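Trainee: take this sequence and fold it.
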Amino acid sequence: MKHTISVLVEDEAGVLTRIAGLFARRGFNIESLAVGPAEQVGISRITMVVPGDDRVIEQLTKQLYKLVNVLKVQDITETPCVERELMLLKVNANSNNRAEVVGLIQIFRARVVDVSEDSLTVEVVGDPGKMVAIVQVLNRFGIREISRTGKIALTRESGVNTEYLKSLESKV
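Mentor: Numbers count the residues shown, from 1 in each chain. Predicted structure coming up:
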């Protein structure tokens, strides 16, 4: 199972290296990693997607807390969250199929950010499932390049689990 881990750290040189080293020493892969300033000056939030069972993640959490600059570690996998990812993708689009490609892009509420004679560069923002879906749809035109940020997430203060609500809507 993939777990989403949110880590608050002091914004100092070498913190990310120590965290990555901890994972590497234990033979764990980090599938997605996003780092940026948090709500407080001098604090950064690291959001990681890590494969493993609950026991492994609990062990990693304990190890993370032993690192000097780590302030807070949360496994937010089962917590209602807002999750987003940014992806840029370059897709083949010539004069014959450009209208069709743009139509599909609009369905996903994505934006064209660059145009050339034979390609479009598209910006997509959304949950990780949306990223997979748009790639599947645009694959038939030929995708030249993809760049993704990795997932970022914050817990929902409302406590509303949108995945649960979506499952209820599909039954109606």
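
Trainee: mind listing the strands for the protein?
Mentor: Taking DSSP state E, the strands of the chain run over residues 2-10, 32-37, 43-51, 70-75, 81-92, 111-115, 119-126, 143-148, 152-155.

Trainee: got CSV for these, with mean pLDDT too?
Mentor: Output for these, formatted as CSV (pLDDT from 0 to 100):
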stretch, mean pLDDT
strand 2-10, 95
strand 32-37, 93
strand 43-51, 95
strand 70-75, 96
strand 81-92, 95
strand 111-115, 97
strand 119-126, 97
strand 143-148, 96
strand 152-155, 92
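
Trainee: got JSON lines for these, with mean neighbour count too?
Mentor: C-beta: built from backbone N, CA, C; applies to glycine. JSON lines is the format used below for the strands of the chain (neighbours: other CB atoms under 10 Å):
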{"stretch": "strand 2-10", "mean neighbour count": "19"}
{"stretch": "strand 32-37", "mean neighbour count": "16"}
{"stretch": "strand 43-51", "mean neighbour count": "20"}
{"stretch": "strand 70-75", "mean neighbour count": "16"}
{"stretch": "strand 81-92", "mean neighbour count": "18"}
{"stretch": "strand 111-115", "mean neighbour count": "12"}
{"stretch": "strand 119-126", "mean neighbour count": "19"}
{"stretch": "strand 143-148", "mean neighbour count": "13"}
{"stretch": "strand 152-155", "mean neighbour count": "18"}
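
Trainee: among these, which is nearest residue 98?
Mentor: Closest of the strands of the chain to residue 98 is strand 119-126, at 7.3 Å (criterion: CB to CB).

Trainee: could you give the angle of the closest one to strand 143-148?
Mentor: 30 degrees (axes from the mean of the first three to the mean of the last three CA atoms, to 10 degrees).

Trainee: what's strand 119-126 packed up against?
Mentor: Secondary-structure packing of strand 119-126 (3 or more CB pairs under 8 Å, 6 or more residues apart in numbering; DSSP states H and E): strand 81-92, helix 98-107, strand 111-115, helix 128-138.
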